[in-house]
Every structure is written in C-alpha cells, then in structure tokens.
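> Predicted coordinates and the sequence they were generated for:
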There are 2 protein chains.
Amino acid sequence: MSEVLLPEVTVEVPPEGLSITEVSRATGIGVEALRYYEREGLLLDPTPRDAGGRRRYREGDLAWIGGLVMLRETGMSIADIRLMADLCRREGTERERLELLTRHRERVLAELRRTQRHLHAIEAKITSYEAVTT
Amino acid sequence: MSEVLLPEVTVEVPPEGLSITEVSRATGIGVEALRYYEREGLLLDPTPRDAGGRRRYREGDLAWIGGLVMLRETGMSIADIRLMADLCRREGTERERLELLTRHRERVLAELRRTQRHLHAIEAKITSYEAVTT
DNA sequence: GTTTGACCTGTAGTGCGCTACAGGTGGCAC
DNA sequence: GTGCCACCTGTAGCGCACTACAGGTCAAAC
C-alpha cells in the first residue's frame, strides 16, 4: 500500500518503515528539522525506533508529518502546531482543534487575498516594463 | 491631491509632507522599520528632512514605499529589494528590473498555488471536524 | 577486527528582519 | 526658561525556525 503524504507526493512505506533520510527526501524537510520537530513535541508521539535506536517512520507517522507540513507551509507557528499536537493526543478536544484550524484558515485566507492584490500590482508593473523594454 | 499608497490605502499628503509617525500609521510599517529600510538603502533616495533634521515624506517617497510594502509582503527579501532600488537609481536598467520582478512573480505564483492546495486540505479537515462536533 | 557510514544526543550557532534602547536635539506651550 | 514630546543617530538585542557541530553508537562491508 502506498501513502498519500501530500497532494503531490506519494510514498511507498515498507513494513519496517522509512529511515529519517528517506522521510527527508520524500517531504523536503531536512533531517535536522525532522529531529527538531520531534524534540519540540510537534509529532503525535515519539517516532518508533529500531533495535539500534534509529527512527523508523511508519504510515501513521508519515500521515501526521504530511499534515504538519501543510500547517507549517501555510505559516502556522511551531507553538500552534505543538498546541494542535497536544490537543490531538487527548480525546474530546475536537471542538478546540476545530477552533484552532478555523482561526488558521482565516489567517491563511486573509494572507492569500492580500498576496493576490499585491500580485496584481506587481503584474501591472511588469506589463509597463515590458512596454518599455520591447 | 491624494495619493494611492496601496490598493486599500489612500493618504492625503500635505505640501510639507508627512512625519515618520504619520507614514507608519498609514502603511502599518513601524517607525523603527521605516528607519531601518532607509539605512539599508531600500528607499530610492534618502528621505528629505526639515530644518530640524526630521524626515518629511512627500508623495514620491510614499509611492515608492507603497511598492516596497507590496514586495516585502509578497516575501521579497531585503537584499532583493535593495537590488531593485539600486537598479531604479540607474537609467537603462529596465531589462534587469523586469527580470527581477518576473522572477519574483514566479515565486509568488508558486507559493500562492501551494498555499491554495494546502488550504483545501485544511478545509477538508475542518469539514470532518464539523461533522464530529455537531 | 577495523573501517565506513548512517544514525544518535545534546548544545551551540546562524540568518533574517526587525525592535529596543541610550543618549541627544529642536521646537512649541506655558 | 523650562517642560515636554516627537524626533534623531548609533548600536545592541531579540524571536523565530532552523542548522551545524562534537562526540558517540551500531551494523554491515571488507
């Protein structure tokens, strides 16, 4: 079975899991950043280890990391992601999770709209330069 | 005459210009940041001063700052904005300015599309939580 | 058995973009 | 003339999110 990590990324996860370097390559997150996220409590639970103490990421770990990437890349702070992880560890916190996500969505939407406005202005400038440089 | 600073912000600029605090309020940029931008060579030319050495921003200064805000808020680095300012001080650099802007537009567009993809995923999650918490 | 290399922990350092003083000046209000 | 306040310069400090060691372990490769 293969795991949909991000809309544009799919990974095959063998039964023994993936090494940290493999996850890094699949997600685009650096190895040090992956360890940092774990240290900071951003993962749902500590990554399972093999006999030698090395991290082995399973499908569930990958799924969570996929979500984490989306939150990070849309600008959610480390502190808020930790909050989300803390909530997801406790049952009956669905309402709070929903609130956190909803507030995040509002911020992302506002930022998206602002960027689009600015983009239009930038494109107008580009057009005027194109007229000059032809 | 009133100046269109940003698509959503218009300022009345008196003939003697605006003080740094007034510009700060109009643009949302902090006073310290405005001084920092000037120090870093992000302004087209040093802001004109009154007899006492205080900055007095005129329409032209405001127009440039409006553009600067758009570049910053779409994620252009301080270094690249300085580059743009350097180019705009020299004539015959229109082609380079166009290139810089075009590369920036590509980055902004890519980021915008990624954010939109992530937003869809976040909204799907929100929907599923809404189903649970009703 | 030793070399190689990927991994580990713990801690210190980095880059960016501000932000916060400290210490001083200029001009108006009273 | 003395408060007071907004402004000035110069420099130091900060918050965030990593990133880079140093020094060590473990397992397979030779």
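The structure has been received and is ready for your questions. Numbering: from 1, shown residues only, chains lettered A, B, ... in the order given.

> burial measure for A:Pro15, as a count.
A:Pro15 has 6 neighbours, counted by other CB atoms under 10 Å in any protein chain shown. For glycine as for every other residue, the C-beta is placed from the backbone atoms N, C-alpha and C.

> And for A:Ser77?
Using other CB under 10 Å, A:Ser77 has 11 neighbouring residues.

> Check the secondary structure at A:Gly41 for me.
For A:Gly41, the reduced secondary structure class is coil; criterion used: DSSP: H, G, I helix; E, B strand; the rest coil.

> Could you report the separation of A:Glu106 from B:Ile126?
Distance of A:Glu106 to B:Ile126, computed by CB to CB, to the nearest Å: 11 Å.

> Specify which residue of those two has the higher count of neighbours.
The residue with more neighbours, out of A:Glu106 and B:Ile126 and counting by other CB under 10 Å, is B:Ile126; that gives 16 against 10.

> Tell me which residues touch the more buried one, please.
B:Ile126 makes contact with A:98, A:101-102, A:105, according to CB atoms under 8 Å, 6 or more residues apart in numbering or on different chains.

> give me that answer again for 6 Å
A:Leu101 (CB atoms under 6 Å, 6 or more residues apart in numbering or on different chains).

> In which helix or strand does it reside?
helix B:94-133 (DSSP states H and E).

> Tell me what angle that helix forms with helix A:94-133.
160 degrees (axes from the mean of the first three to the mean of the last three CA atoms, to 10 degrees).

> and helix B:94-133, what's its mean pLDDT?
Helix B:94-133 shows an average pLDDT of 97 in the prediction.

> ok now that helix, how far from the chain's centre?
19 Å (CA atoms, centre = their mean, to the nearest Å).

> ok, now stretch A:46-61?
Counting by CA atoms, centre = their mean, stretch A:46-61 is centred 19 Å from the centre of its parent chain.

> now the end-to-end length of it.
9 Å (CA to CA, to the nearest Å).

> Next, the buried residues of that stretch.
Of the residues in stretch A:46-61, those with enough neighbours to count as buried (16 or more other CB atoms under 10 Å in any protein chain shown) are A:47, A:55-59, A:61.

> which residues are contacting it?
By CB under 6 Å, 6+ apart, the list of residues contacting stretch A:46-61 from outside reads A:3, A:13, A:17-18, A:20, A:23.

> what two of these are the furthest from one another?
When the contacts of stretch A:46-61 are compared pair by pair using CB to CB, the farthest-apart members prove to be A:Glu3 and A:Ile20, with a separation of 16.2 Å.

> what about the residue most central in space within chain A, helix or strand, and which?
Chain A has A:Val69 as the residue nearest its centroid, 0.8 Å off, counting by CA atoms, centre = their mean. Of the helices and strands defined by DSSP H and E, A:Val69 is found in helix A:59-73.

> ok, now A:Leu5?
Of the helices and strands defined by DSSP H and E, A:Leu5 is found in strand A:2-6.

> Please work out which residues outside whichever helix or strand comes after that strand touch it.
Next along the chain after strand A:2-6, taking DSSP H and E as the criterion, comes strand A:9-12. Residues lying outside strand A:9-12 but in contact with it, judged by CB under 6 Å, 6+ apart, are A:2-5, A:26.

> give me that answer again for 10 Å
Residues from elsewhere that reach strand A:9-12 (CB atoms under 10 Å, 6 or more residues apart in numbering or on different chains): A:1-5, A:18, A:22-23, A:25-28, A:57, A:59, A:62, A:66, A:69.
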